[in-house]
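# I would like the atomic coordinates for the input below:
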Amino acid sequence: MSGSLLDASAVIGCPHGGRVTAATTPSGGVRIGGAAVATGRHTYVVTGCPHCVAGVPSPCVSVRWTDGHSGVTVDGAPVLLDTSAAQCFSAAFVPQGPPVVQAAQRKVTVR
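Residues are numbered from 1 along each chain as shown. Model prediction:
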């Protein structure tokens, strides 16, 4: 798997326009441009999702990333890439689509 490393400043959204942020702040000694590298160990939440099903609000509230297969880890946790597979979920754990990672120029890539 190849792609660019995600860090704490990455702009990520749900497929409906909500904003994805790390609920637990990525930390550790590995940083890109001063921002901590994001890993699958961190918890991600969604705010501001306007998604409705049959007129009933069903917003995305969390994101779950699948374990990366890049072979690169930080403190034993797989790093997240802009190509890493993930799924947004409602409060009832209903899958609602993959998050959207805004393309950003990164100085570090994994191949």
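# For the rest of this, base every contact and every neighbour count on C-alpha atoms.
Fine.
# which residues touch stretch 73-90?
Stretch 73-90 is contacted from outside by 1-6, 14, 28, 30, 37-41, 58-72, 95-99, 101, 103, using CA atoms under 8 Å, 6 or more residues apart in numbering.
# Go through that stretch and flag the buried ones.
For stretch 73-90, a neighbour-count test (16 or more other CA atoms under 10 Å) marks 74, 77-82, 84, 86-90 as buried.
# mind putting these in a markdown table, pLDDT and distance to Val45 included?
As requested, these are exported to a markdown table (pLDDT from 0 to 100; distance: CA to CA, whole Å):
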| residue | pLDDT | distance to Val45 |
| --- | --- | --- |
| Val74 | 83 | 21 |
| Ala77 | 83 | 19 |
| Pro78 | 86 | 19 |
| Val79 | 86 | 18 |
| Leu80 | 87 | 15 |
| Leu81 | 87 | 17 |
| Asp82 | 85 | 17 |
| Ser84 | 88 | 17 |
| Ala86 | 93 | 13 |
| Gln87 | 96 | 12 |
| Cys88 | 97 | 9 |
| Phe89 | 97 | 10 |
| Ser90 | 97 | 10 |
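# From the contacts of stretch 73-90, keep the buried residues only.
3-6, 14, 37-41, 58-65, 67-68, 70, 96, 98-99, 101.
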